[in-house]
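Participant: sequence first, predicted model second:
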Amino acid sequence: MSSLSRELVFLILQFLDEEKFKESVHKVEQESGFFFNMRHFEEMVTNGDWDEVEKYLSGFTKVDDNRYSMKIFFEIRKQKYLEALDKKDRAKAVEILVKDLKVFSAFNEDLFKEITQLLTLENFRDNEQLSKYGDTKSARGIMLVELKKLIEANPLFRDKLTFPNLKNSRLRTLINQSLNWQHQLCKNPKPNPDIKTLFVDHSCGQSQPNGAHAPSPVTHPLMGAVPKAAGFPPLAAHGPFQPATAPLPASLAGWMTTPSGVPHPSSSAGPMGFTAPNNPAPLKRPRTPPANNSAVDYQTADSEHVLKRSRTFGMSNEVNNLPVNIHPVGYAAQIHGQSSNSSDDLPKSVVMTLSQGSVVKSMDFHPVQQILLLVGTNTGEIMLWELASRDRLALRNFKIWDIGTCSMPLQASMTSDYTASINRVIWSPDGTLFGVAYSKHIVHIYSYHSGDDVRNHLEIEAHSGSVNDLAFSYPNKQLSVVTCGEDRAIKVWDAVTGTKQYTFEGHEAPVYSVCTHHKENIQFIFSTATDGKIKAWLYDNLGSRVDYDAPGHSSTTMAYSADGTRLFSCGTNKEGESFLVEWNEGEGVVKRTYHGLGKRSVGVVQFDTTKNRFLAAGDECMIKFWDMDNVNLLTTTDADGGLPASPCMRFNKEGILLAISTNDNGIKILANTDGIRLLRTVESRSFDVSRVGSAAVVKAPTLGTFGVPTPGGSSNVDRPAPMSSIAAMNGDNRSLVDAKPRIADESADKSRIWKLTEINEPSQCRSLRLPDTLPAMKVSRLMYTNSGLAILALSANAVHKLWKWQRNDRNLTGKATASVAPQLWQPSSGILMTNDIRDTNPEDAVPCFALSKNDSYVMSASGGKISLFNMMTFKTMTTFMPPPPAATFLAFHPRDNNIIAIGMDDSSIQIYNVRVDEVKTKLKGHQKRITGLAFSTVLNVLVSSGADSQLCVWNTDGWENQTSKYLQMPSGRTPTPLADTRVQFHQDQIHLLAVHETQIALYEATKLECLKQWVPREATGPITYATYSCDSQSIYVSFEDGSVGVLTATALRLRCRINPTSYLPTNSSLRVHPLVITAHPSEPSQFALGLSDGGVYILEPLEAEGKWGTSPPHENGAGLSTASGATNSDQPQR
């Protein structure tokens, strides 16, 4: 086959793939033998479709082609044979042996005999070579790794593993170019060729099947005289926008488009046609059709040489002869026509996932600092995220700032239900303010200064009922806030004082959205209502200027392209039909209707525009993209799955990042290559935050009267911005390190100023991800063995994993270390320590385990019975205590391994004697499940903690309750229901560490007197776990944002912050964070993390450092730190 024929096959493969003919794609791959689709091969192997696997391979190689091929087929057939044996299907195993494996006996008869002997064993794992064979899934995974190596080494697969780098829809483009050339060769080319078939060449002759239709000349009265249409016209030909009762003023013509001397006729409902050419011009380049000639568009085109087809919905000849500057998308005037509609520039790679905690309703990127994302949720939460560091900079919950000034209906509604959902969050054009529209009457305006410095600015009771949308505008060169609501009104407010400036009334249904814009010096507002009406308003009191119908009478949002020249809308009607269209403002008609939206959308489809080139909409659990100049779908992405039916979405200003809401109340950030580069650049920048004040890092524009916050909000203006501040990213190259620090005595010796240690790079610490061949599931529990020679993890699927270090030249002690990789250990039997899970879902259970002092036994539970395992053989010694209630925490008595304290999900604690299989006593004092237990041998007490945030002290002699106390919740922090509280004794066995998602607290155990409390900054997210170091001098704290803090154990001062960039891979597209943390029993500076993706990491400081940072200077005074004081302890000290 010639090279061109080979390339044609690749074009056909691309076409079939774009058209979703998946089976045909793989059939052509196999029959042509040109491209081996490794992803398809992996899927078949993982699913165990062995016949399909061999059939696909047969297109590329045969068993006896070479030694690589023989090994590939042998591994596949051996796996199929072992799986039959594992299922005890001996008949199937014999069939595989005779039909599939017999062929290999000619090459290695001894091996074939050994395989045959497996039939005689009750369990083939009794064969020494197969003793480590796990379950089917893990075995397939291990084999797949080997197969991929063999395929890549096999010379028969050379040059067949990579698909050529083609632009999108390359075959369509070639057809497009051919049709255009055929049209050029016509003797009398006509302006509107009607392409009906590709089976014969195009000709403009009347007798040809690919002939041309002349446009039907039609004339219409002026728009102002058109009577209102009785109903909504067909989508193929939208009728005119319905006029207002008064004629359009001259100013409106200038507002809607550049005025001309030609009256504005309305559009006809005639057929789609080509724009009539003005002056034919000769061919300028041998390979490019004339720019003013009609061109054929076969669905999509990605070449700059391919002309775009003008889709004027039945425009009259009079309209077609308008001046070029207002011509509706004629090619000669098309400023967007030169851009390729390749999807390469679109952000489609998932680079991170943010955990939001509640349903995302609205998002907006900062207009200047383009990695700042503002988010509003259905619970009224506002969050500000800095994407490079994944820091949550600020969090605000819904709260009426001054309830006394609110109307009685609002006060009454707050009495019965003090919650509100967010309908819209949006930044002002310069990013110094942002607005929030709530589902109850209220609009909040915040001022933003830098970092986490967000201040209350204005509270406006804007509408009666829900405030559905909000926008900023500049009428009279003064910043204003435009709102709309359930009360059918649009209102304009002064953004400085909150004074109401205008009220626009005229809608007959709740106003759904507003879109503010300007043309030259004319400012105006589009408003849309839930009945599908669109109105336009100037900033006066003369009523609406136009009255349009949205396609399908849908609830619609409108948006302009970034350059302000093109107007689009997207909406969904009550029947679930969605419409994405481009408007001709000047004519009040739909210019384009984009294809590809679902016919039964759930909720109102959201959309956005970017780069003056692309449209995107969230529909059918994916993001769909269009080139603005082409009505057909350009591409789609499901962002690796997990999206709701109609996801919320937003581009950043440059269109290189895209935020999308997820089903599990999170946000996925997608990026293109520029976006990935931006995030990495900002993430890698570091500078001395102790020497840079926030004003030096990000200098906010002058706010005038905005600078005076209302009494409802205050902030520490000297607080430095986060490490990944945005100044340098935005081209601000001022010397940051030369900025003067804000220190009371600047003449002081700066070398004496203590500085928080920040670990940002892998080179700043030692870290090791432990090797793992078992299925990856999130780590629920983690601990070192008491000897420090191994680490034990319990995964969410109820399986235990044990890593052991070997004593060798690189590790003389044999203890756990980040410098040498351990072995994922299993006994020769190959069995796994797996907990009883009964009928429960392991993901819903509360896993727990405890290790005996001599490391011989582990007791464990994952929602089912409690199991006692032998740590040497992994065998289950016994099971006991079937639920309900289920065990949620386990602790061995420090003096007697036969006595176990068992916390239950019914809030009780059972003291159980394993030897006699008897519950000695039940302790009751909590209201929710038990989440922590700790014994003190000095005080002879057991301290328990529960999801009720309560601590209880029990005397171990008679098991009486000595005292109880609830944690002191920091002001402004609302814990999640059933949040775990964990307890651990200090080395002195007198002081107690209490860990909650909102705080770290130190107690004197006998009286439960709180000595110190530390509250993290909101940006890190909740605390996920914390533990003392083995010498009790430090406390290791893990956070939901992936970072780890190292606190001094006495004063609870943060001395080191370890950011996730220092130990997690930079190419991870998942949002990964530690769920558990455990400290080495004899190395004070070593700890291990169990992650949400199933990984286990060991972290140690550099050998040259020896420890994590330096201790801060002692604080003056003593006693309990307040919440605000504790928050300050999480800031760099100066």
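Facilitator: Good, I have the coordinates.

Participant: what bridges to the residue most central in space within the chain?
Facilitator: Centroid-nearest residue in the chain, with C-alpha atoms, centre = their mean: residue 668, separated by 1.4 Å. Beta-bridge pairing for residue 668 (DSSP bridges): residue 353, residue 660.

Participant: now do the contacts for it.
Facilitator: Counting by C-beta atoms under 8 Å, 6 or more residues apart in numbering, residue 668 touches 350, 352-354, 639-640, 642-643, 659-660, 662. To be clear about C-beta, it is placed using only N, CA and C from the backbone, and glycine gets the same treatment.

Participant: dump these into TSV; add distance to residue 1006, neighbour count and pLDDT as well.
Facilitator: Shown next, in TSV, are the contacts of residue 668 (distance: C-beta to C-beta, whole Å; neighbours: other C-beta atoms under 10 Å; pLDDT from 0 to 100):
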residue	distance to residue 1006	neighbour count	pLDDT
350	51	22	92
352	46	21	92
353	45	22	90
354	43	23	90
639	54	22	91
640	52	14	90
642	49	17	90
643	53	23	92
659	51	26	95
660	52	29	96
662	47	23	93
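
Participant: and which of those residues is nearest to residue 343?
Facilitator: residue 639 (14.2 Å; C-beta to C-beta).

Participant: any idea how far that closest one is from residue 468?
Facilitator: 27 Å (C-beta to C-beta, to the nearest Å).

Participant: hmm, back to that, residue 1105: which of the contacts of residue 668 is nearest?
Facilitator: Using C-beta to C-beta, the contacts of residue 668 come closest to residue 1105 at residue 352, 29.1 Å.

Participant: where are the low-confidence patches of the stretch 701-850 of the chain?
Facilitator: 701-753, 840, 842-843 (pLDDT under 70).

Participant: now the strands for it?
Facilitator: 757-759, 765-769, 779-784, 790-795, 800-804, 823-825, 848-851 (DSSP state E, counting those that start in this stretch).

Participant: show me what the third one is packed against.
Facilitator: Secondary structure elements in contact with strand 779-784, counted by 3 or more C-beta pairs under 8 Å, 6 or more residues apart in numbering; DSSP states H and E, are strand 790-795, strand 848-851, strand 1074-1079, strand 1087-1091.

Participant: next, the angle from the third one to strand 779-784.
Facilitator: Looking back up the chat, that one is strand 1074-1079. Strand 1074-1079 and strand 779-784 meet at an angle of 10 degrees, taking axes from the mean of the first three to the mean of the last three C-alpha atoms, to 10 degrees as the criterion.

Participant: sheet partners, orientation included, of strand 1074-1079?
Facilitator: For strand 1074-1079, pairing defined by DSSP bridges yields strand 1087-1091 (antiparallel).

Participant: swap in the shortest one?
Facilitator: Here strand 848-851 is paired, per DSSP bridges, with strand 857-861 (antiparallel).

Participant: touching stretch 66-78 from outside, list them.
Facilitator: Counting by C-beta under 8 Å, 6+ apart, 45, 50, 53-54, 57, 61-64, 96, 100-101, 104, 107, 115, 143, 146-147, 150-151, 153-156 sit against stretch 66-78.
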